[in-house]
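> Sharing a sequence plus its predicted fold:
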Amino acid sequence: MRYRERLQARHFLLAGALFGVSFLFRYHTALFLMGASAVLVFRQQWKAVAWLTLGFIGVVGLVQGTIDGVLFDYPMHSLVAYFLFNSKGAFQYSTGPVYRFALTVLGFLVPPISVFLVFGYARTRRLAPLLFWGGVLFFVAHSLFPNKQERFILPLFPLLIILGVIGWERYVAGAGFWHRHPRLLANSWRFFWVLNGIVALALALTYSKKSRVEPMVYLSQKSDLRGLVLDFGPHGTKMPPVFYLGRMGAEASAFIPDSSGVWRRYQQQHPLPTNFVMTYALNDEMPLERLTRELNTTQRQPNYLLLVGEKDINRRLDRLRMLFPRLKLEHTITPSPYDQVLHALNPRVHKDEHVQIYQILK
């Protein structure tokens, strides 16, 4: 910012390259680049736009284009597939009103400091328009998109904090109110740091999503594991973290249609690897006939069952025994204290995930 009047072509080229690096980690960060580019276009700085674009396309094309061209059907295949998938599933995850992320920002950054930072950020629109409008575009686009997972807005936080502090400090330097009430400002910051310190320590020692990971870790010790059924009862199905099984596996819902052709040779009667695990997801909305069809299509019969959640357990077990008459309860896994707190605060989004592990006997 200090030398913005002396920026040269190489500076915009490097900025575009760095935008490209961030894009490779998180596609949505392209919105920052679009916001900054819009400012340059408004100023008619066409050479700057060209160098910025060249830096971005160069890095993204070299990395993502090359990898996708070798591994998939065409360069940038994963990018296209990602946006097609998210456009199709925009309403399949956590949704919310247009002001959801505004509340997220104000809450996560801890009032009243969060209000100070947002106010300070708004005062940098002339001081740092390239950064300011990039952040605004990012925030507005995500606020309008139906899917409102908190993690989507996190890339904005570093920019919001940096510009927010700059704008706020410039404001405080000339504000008579804060000169007359220095202790109020100091105590606001003390509250911010004390609360953040406590939360940071607590989160550092927290086992999040324990009830999803632990069942997979537990079953990874089972040498006889070949197939796994997950029953979610009245809730929607979720992808199990099969990575923690420590062996190759697939979800039957993806294995059977095989839209990408990954499993084609195994569907042509080529035997699956010995330690391969097939997972089947089930809930109250899915008829048992569908699970039966999946079992008849794949080469793996389940020998373990995960009952997720404590709601209507007896009814769900009676239903499952129509397919698996002999079930033996092996182990029960409870959510971590952190997950239980999230469930208590927002049970609609954070479901109860006590997990009972049953062995399916022959």
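Looks like it arrived, so ask away.
> Every contact and neighbour count from this point should use C-alpha atoms.
OK.
> Which strand or helix spans Y280?
Element membership for Y280, per DSSP states H and E: strand 277-282.
> What is the subsequent helix or strand relative to that strand?
The C-terminal neighbour of strand 277-282 among helices and strands, as given by DSSP H and E, is helix 288-297.
> contact partners of that next one?
Outside of helix 288-297, the residues that reach it under the criterion Cα atoms under 8 Å, 6 or more residues apart in numbering are 252-253, 256, 280, 282, 301, 323.
> So which of these is the closest to F132?
For the contacts of helix 288-297, the closest approach to F132 (Cα to Cα) belongs to S253, at 43.5 Å.
> so where do the strands sit in the stretch 251-362 of the chain?
Taking DSSP state E, counting those that start in this stretch as the criterion, the stretch 251-362 of the chain contains strands spanning 277-282, 304-308, 327-333, 355-360.
> Report the buried residues of the longest one.
Of the residues in strand 327-333, 327, 333 count as buried by neighbour count, 16 or more other Cα atoms under 10 Å.
> What strands flank that strand, and is each parallel or antiparallel?
Strand 327-333 has these partner strands in its sheet, going by DSSP bridges: strand 355-360 (antiparallel).
> Spit out the contact partners of R321.
Residues touching R321, when contacts are defined by Cα under 8 Å, 6+ apart, comprise L327.
> how near is it to Q301?
In this structure, R321 and Q301 are separated by 15 Å, where distance is defined by Cα to Cα, to the nearest Å.
> what does R151 give?
Per Cα to Cα, R151 is found 37 Å from Q301.
> How about E353?
Relative to Q301, E353 is positioned 25 Å away (criterion: Cα to Cα).
> Local confidence estimate at the residue lying closest to Y358 once chain neighbours are set aside?
The spatial neighbour of Y358 that comes closest, neighbours along the chain excluded (Cα to Cα, 6 or more residues apart in numbering), is L329 at 4.4 Å. The score at L329 is 94. That number is its pLDDT.
> pretty sure L329 is touching I360, no?
No. Look at L329 against I360 with Cα atoms under 8 Å: they stay out of range, at 9.1 Å.
> so who does P155 touch?
P155 sits next to T29 when contact means Cα under 8 Å, 6+ apart.
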